[in-house]
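*Asks:* Show me the folded form of this:
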Amino acid sequence: MADAGERNNMEFWKAILGLLRRILIGPPLILLSILVGVVVYAMIPERYTADVSLVLATPVNGGTVSTDKAKQGLTNPFLSFNDALKTGASIVILSMNTQDVWTQLGAPKDGPTEITIDDGRTNPNVLDINGPYIYISVDSESPQQASAVLMAARERVATELFKWQKELGAPANTFITSTDIVPPSKPEADYSVNWQGAIGGAILCLGLGLSVAYGVVTRRAGSRPKPLQRPEPSAPVAVPMPTPVAAPAPAPVAQPREAQVNEPVERPELDEDSSATMEFPAYRGERLSPVPVPRKANQDDGEG
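*Replies:* Numbering: from 1, shown residues only. This is a model prediction of the structure:
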C-alpha cells in the first residue's frame, strides 16, 4: 500500500510538472500568478510602525520617608532596580491592556490601528525582560495616526503609574517615575504584510490554475476511447524434428542393348516374298556419313 501511494504521488507531481512545461498552460499561468501577486501587493495599504521603551525607577531619596532628617540619604536609582519595580510595571501593563483603554488611545477594536503593550518580550532589541520595562508599539495605516497613538499611550503610562501610587497612599516624594530608555521613534513603513499577501495570492492563483488544468486534462484523457490492445503473440510450439530416413540405394539403370558389346545380336530372317530386297546393317550407335548431294552441273549434263 505504501509503495502504491508513493507511486501515485510521484505520478501526480510528474503530471503537474508536465502541465507547467506546456506552452499553453505553464507560462500563461505563471504570468497570471505574478500579476495577481502585484495587484494584491498594491491593494494592501502600507503599515507604519512606531514604538517606545520605558523603564520604572525609584526616586533618589528612596522609597521610604525618614523622620530623622540627619540620617536621610540619597539613593542611586540604578542601584534600586528590584522585583518591586517589576511588580509595579506589571500592574501598569495589565491596567492598560484593556479594550476600553485602547479605544481611548485611538486604537479601537477591528480598526486600522493596533497597539501592543508588554514588558519588552516583543521587542527584539531587549535582551533581558526581567527588568521593570514597559514596551509600547503602534501599527497603523497612517504615520500621523501611529505617532499620535504612541504619544497618547506613553502619557497614559505615566498617568496610570501616578494614579495607582496615589490610590495606595504612597508619599509623593517616593513616587516611582517612568523614564524613556528609547525615545519615541518615527513611524517607518512596514511592507511585510504586503509581501505576505502578494506571495500568498500568487501561490493560491497558481495552485487553483494547476488544479483546474489537471482536472480538465484528466477528464479529456478519460473520455478518449482506449486503443485496442493487440494480442501478444503466443510462444512458438516446439515441433518435433522428423527422424532422418536413409535414402534408398539408386536402382541400376538398364543400359541399351547397343551398349552391350559382348552380347550377340540376333538378326531377323527375311522371306523371299518380302518387299525388302536389301539388308541394312544393324545400327550400333555410330555416326552416319553424309549423303552426297548431286551437283547442279551433273544435273545439267544429264538433261542435255
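*Asks:* Only alpha carbons, please: show stretch 16-31 as PDB.
*Replies:* Only the C-alpha atoms of stretch 16-31 are listed here, as PDB (Å, rounded to 0.1, in the frame of the first residue of the first chain):
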ATOM      1  CA  ILE A  16       2.000  18.800 -12.500                       C
ATOM      2  CA  LEU A  17       5.500  19.400 -14.000                       C
ATOM      3  CA  GLY A  18       4.200  18.300 -17.300                       C
ATOM      4  CA  LEU A  19       1.500  20.900 -17.200                       C
ATOM      5  CA  LEU A  20       4.000  23.600 -16.300                       C
ATOM      6  CA  ARG A  21       6.100  22.700 -19.300                       C
ATOM      7  CA  ARG A  22       3.200  23.000 -21.700                       C
ATOM      8  CA  ILE A  23       3.400  26.300 -23.600                       C
ATOM      9  CA  LEU A  24      -0.300  27.000 -23.400                       C
ATOM     10  CA  ILE A  25      -0.600  26.200 -19.700                       C
ATOM     11  CA  GLY A  26       2.600  26.800 -17.800                       C
ATOM     12  CA  PRO A  27       3.800  30.300 -18.900                       C
ATOM     13  CA  PRO A  28       0.400  31.900 -19.000                       C
ATOM     14  CA  LEU A  29      -0.500  30.500 -15.600                       C
ATOM     15  CA  ILE A  30       2.800  31.800 -14.100                       C
ATOM     16  CA  LEU A  31       2.300  35.200 -15.600                       C
END
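*Asks:* Going by the annotation, which residue ranges form each domain of the protein?
*Replies:* With domains defined by automatic domain parsing, the chain comprises 1-45+194-218, 47-63+75-190.
*Asks:* so of those, which one's packed in deepest?
*Replies:* domain 47-63+75-190 (a mean of 16; mean count of other Cβ atoms under 10 Å). No exception for glycine: its C-beta is placed from N, CA and C like everyone else's.
*Asks:* As CSV, the domains of the chain with mean pLDDT would be great.
*Replies:* Putting these into CSV (pLDDT from 0 to 100) gives the following:
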stretch, mean pLDDT
domain 1-45+194-218, 84
domain 47-63+75-190, 88
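*Asks:* which strands and helices sit next to the longest helix along the chain?
*Replies:* Counting by DSSP state H, the longest helix found in the chain is helix 192-223. Judged by 3 or more Cβ pairs under 8 Å, 6 or more residues apart in numbering; DSSP states H and E, helix 192-223 is in contact with helix 2-21, helix 26-43.
*Asks:* I'd like those helices written out as a markdown table, with distance to Ser192 added.
*Replies:* Shown next, in a markdown table, are the helices and strands packed on helix 192-223 (distance: least, Cβ to Cβ, whole Å):
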| stretch | distance to Ser192 |
| --- | --- |
| helix 2-21 | 29 |
| helix 26-43 | 12 |
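*Asks:* among those, which is nearest Gly88?
*Replies:* helix 26-43 (44.3 Å; Cβ to Cβ).
*Asks:* Next, the angle from that closest one to helix 192-223.
*Replies:* Orientation check (axes from the mean of the first three to the mean of the last three Cα atoms, to 10 degrees): helix 26-43 against helix 192-223 gives 150 degrees.
*Asks:* Quick check: neighbours of whatever helix or strand comes next after helix 26-43 in the sheet, parallel or antiparallel?
*Replies:* Next in sequence after helix 26-43, counting helices and strands by DSSP states H and E, comes strand 47-57. Note on strand 47-57: by DSSP bridges, its sheet partners are strand 133-140 (antiparallel), strand 177-182 (antiparallel), strand 188-190 (antiparallel).
*Asks:* can you put those strands in a markdown table and add distance to Gly200?
*Replies:* Below are the strands paired with strand 47-57 laid out as a markdown table (distance: least, Cβ to Cβ, whole Å):
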| stretch | distance to Gly200 |
| --- | --- |
| strand 133-140 | 19 |
| strand 177-182 | 33 |
| strand 188-190 | 17 |
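*Asks:* ok, the closest residue to Ser178 other than its chain neighbours - contacts?
*Replies:* Nearest non-adjacent residue to Ser178, counting by Cβ to Cβ, 6 or more residues apart in numbering: Leu54, 4.8 Å away. Contacts for Leu54 (Cβ atoms under 8 Å, 6 or more residues apart in numbering) come out as 133-136, 154, 157, 178-181.
*Asks:* where's Leu54 relative to Met43, distance?
*Replies:* 36 Å (Cβ to Cβ, to the nearest Å).
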